[in-house]
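Participant: Okay, structure incoming, though there's no sequence with it:
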């Protein structure tokens with residue numbers, strides 16, 4: 001257990017502070033750019049897997065803003081787990097206010113804990129939405145997640161995007177929250193090492209999370225075209241989405 005505590009980074013307290021200060025994570029707030037970006041990400045996840053009647057495990061669920069979306073897609077049950085206690089408290093409150101607390105549950109937990117789901121039936125799908133880049137050992141996290149379900153969905157900042165690489169070095173938010181991004185071949189290698197097979201890789205979303213409103217609207221207007229252009233989409237889009245299944 002002490003080993004697992006060593007695998008919790010200081011950015012967990014940053015996210016807890018965000019929730020205590022604003023009631024949610026900064027990137028789930030109602031800024032136009034964040035709203036447009038997250039809506040596109042949510043749709044891409046909804047389109048890549050049939051969630052209807054499935055039991056979904058949302059690791060790194062944060063404040064639960066996106067965990068509840070799986071229920072609207074027909075999921076039977078959602079369990080969200082996050083090491084930030086203030087975030088899971090906010091997520092539980094969301095579920096109660098939405099009237100879905102009987103099907104959406106949230107707990108404090110560590111992705112590296114081998115007893116994370118002890119005594120519970122397996123889940124159909126495990127989702128890691130923007131989680132790996134906050135962790136101290138992302139490859140180990142993929143291996144741990146692979147043991148919890150037959151299908152794995154990973155959404156990460158696109159490591160091929162040069163603007164993201166600059167922001168990671170100069171943006172106060174990115175530095176404080178220890179933001180980083182990985183190349184899709186790196187993610188694929190971690191998934192393969194976990195004995196999962198990659199089914200699809202997509203590059204999605206052209207709207208930066210915290211940009212001015214005018215830029216968000218401009219990016220959104222050309223997003224459908226950019227996402228369809230090979231190579232260009234791999235460099236310009238903000239996120240990489242991968243679905244994989246057990247071999």
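Facilitator: Alright, I've got the coordinates. Fair warning: this is a prediction, and the values are worked out from it, not measured in the lab.
Participant: Which parts of this protein are strands?
Facilitator: Secondary structure of the chain (DSSP state E): strands at 55-59, 77-82, 104-108, 123-129, 149-157, 196-204, 239-246.
Participant: strands paired with the second one, and their directions?
Facilitator: Put plainly, it is strand 77-82. Sheet pairing of strand 77-82 (DSSP bridges) gives strand 55-59 (parallel), strand 104-108 (parallel).
Participant: Tabulate the ones you listed in CSV, adding columns for distance to residue 245.
Facilitator: For every residue, glycine as well, the C-beta is placed using N, CA and C. Below are the strands paired with strand 77-82 laid out as CSV (distance: least, C-beta to C-beta, whole Å):
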stretch, distance to residue 245
strand 55-59, 15
strand 104-108, 24
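Participant: Please identify the deepest-packed of the ones you listed.
Facilitator: Each of the strands paired with strand 77-82 was assessed for mean neighbour count using mean count of other C-beta atoms under 10 Å. The highest is strand 55-59, with a mean of 25.
Participant: what is the rounded mean pLDDT of that one?
Facilitator: Per-residue pLDDT over strand 55-59 has a mean of 97.
Participant: cool, stretch 225-234 as well?
Facilitator: Mean predicted confidence for stretch 225-234 is 95.
Participant: Among the strands paired with strand 77-82, which comes closest to residue 142?
Facilitator: Nearest to residue 142, of all those, is strand 55-59, at 10.4 Å by C-beta to C-beta.
Participant: Distance check, residue 176 against residue 168.
Facilitator: In this view, residue 176 and residue 168 are 12 Å apart by C-beta to C-beta, to the nearest Å.
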